[in-house]
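Participant: following is a predicted model, sequence given first.
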Amino acid sequence: MGGESKTSQTQNSTTNPWEPATPVLKGILGQVESGLGKTGITGAETGALDAMTANAGTAGQFAPQIQDLAKTLFGGGGATDQAGAVGANYDRFVGQTNPLASNTNYNPYDTPGFRDAINTATADITNSTNGTFAAAGRDFSGANSTALGRGLTQGLAPTIAAQYNQNVNNQQGAARGLYDAGNTNAGILAGLQQQKLANQGQGIGVAGAANEAQNAGPNAVLAAEAARRGIPVQALGLLAQIGIPIAGVGGQATGQSTGTQQDSPMRQFMQFGHGVGSLWPKNPIKFG
C-alpha cells in the first residue's frame, strides 16, 4: 500500500531592514523637501549673470583692430618692405669694391704713390753710398758701384715685395668681401621672405581670433542664459540624488510554498482500517 499527502500554505512576510533608521531618513527627506524651494537662482547669481550680459556689449570692441592685424599679416606684415634697400646696399658695395676685387695686376709700380716712394729711397741710398766713397777719394770706383748696387737691392727689395704682397692681399680681401656680402645679402632677403610667410601663417590664427571677438558678445549672453537655466536644474539633480535612493529603501515580500509528505506503512494501515470500520453500523442487528 502507498499513499501521500500534500499540504499547501501561503506565507506573507515583510522585510524592512531600515526600520530603525526611519526617523533619520524621514528627517533627511524633510530637508530635501524643504530644499526644493531653494533651487532657484539666488540674488548674487542673478547679479553676476546680469553683469555678464552687460559686459557682452563690449566683448567684441577689439574685433576691428584684430581684423586689421589679420589683413596686415596676410599681406606679409611688411617683412619684405626693406628688400629694395638691402639690394641697393649690396649693389653699392659691389660698385665700390669690384674695381679692386677684379684687379689681377699686382705690379707694385702701378700702385699709386709707390713709384715716388721708390724714387725717394733710391736717391737717398745713392747719395749716401756715393758720398761715403767720395769722401774716401774712391768715388766712381768698382767698389763704389758694387756697394751702391748692394745698397739699392737691400733697401728697395723688401719695399717692392711688401707692396706686391699688399696688392695681392687687397685684391683677395676685396673678392672675399664681395663673396661674403653676397651671402649676407641672400640670407637677409631669404630671412625677410621667411618672415613674410610666418606673418601670413600667423594671420590665420589672428583671423580666427577676430571672428571669436565678433562673437564674444553673443557667446557671453548664451553662456549667461545657459547658466540661468542650468543652476536650478543642477540643484534639483543634487536633491534627486539624495531623495530617490532613500525612497527605494525597504519593502514587502510575499511568497507561497507547497510541500509533499510520504506516510509510513503503519500510518497507512491505520488509516485504511479506520476507513473500513466506518462501513459497519454502530448498532448491528443481532439474530437468534
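Facilitator: Yep, that arrived.
Participant: tell me how far the strand or helix carrying Ala157 lies from the chain's centre.
Facilitator: Using DSSP states H and E, Ala157 maps to helix 142-247. Distance of helix 142-247 from its chain centroid, counting by CA atoms, centre = their mean, to the nearest Å, is 20 Å.
Participant: cool, and stretch 123-138?
Facilitator: That offset, for stretch 123-138, works out to 88 Å (CA atoms, centre = their mean).
Participant: now what about that stretch, what contacts it?
Facilitator: For stretch 123-138, the surrounding residues in contact (CB atoms under 8 Å, 6 or more residues apart in numbering) are 139-141, 143-144, 147-148, 151-152, 155-156. C-betas here are computed from N, CA, C, even on glycine.
Participant: selecting buried members of those in ChimeraX, what would you type?
Facilitator: Buried residues within the contacts of stretch 123-138, by 16 or more other CB atoms under 10 Å, are selected in ChimeraX with:
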select :144,147,148,151,152,155
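Participant: was I right about Ile231 contacting Glu45?
Facilitator: Yes. At 6.2 Å, Ile231 and Glu45 qualify as touching, with contact defined as CB atoms under 8 Å.
Participant: between those two, which one's more packed in?
Facilitator: Using other CB atoms under 10 Å as the criterion, Ile231 and Glu45 rank with Ile231 on top: 17 against 13.
Participant: low pLDDT regions in the chain?
Facilitator: Low-confidence segments of the chain, defined by pLDDT under 70: 1-25, 28-29, 32, 35-39, 243-244, 246-288.
Participant: tell me the centre residue of it?
Facilitator: In the chain, the C-alpha nearest the mean C-alpha coordinate belongs to Gly205, at 13.2 Å (CA atoms, centre = their mean).
Participant: relative to Gln214, how far out is that residue?
Facilitator: When distance is defined by CB to CB, to the nearest Å, Gly205 is 15 Å away from Gln214.
Participant: now Ile188
Facilitator: 38 Å.
Participant: and what of Gly95?
Facilitator: In terms of CB to CB, Gly95 sits 53 Å off from Gln214.
Participant: which one's more surrounded, those two?
Facilitator: Gln214 (16 against 9).
Participant: tell me who's in contact with the closest residue to that one other than its chain neighbours.
Facilitator: Spatially, and ignoring its direct neighbours in sequence, Gln214 is nearest to Ala63 (4.6 Å; CB to CB, 6 or more residues apart in numbering). The neighbours of Ala63, taking CB under 8 Å, 6+ apart as the test, are 210, 213-214, 216.
Participant: let's see if you can find the most crowded of those.
Facilitator: Ala210 (22 neighbours).
Participant: residues near Thr104, how many?
Facilitator: 7.
Participant: so what does it look like in phi/psi?
Facilitator: phi -110, psi 10 (degrees, to the nearest 10).
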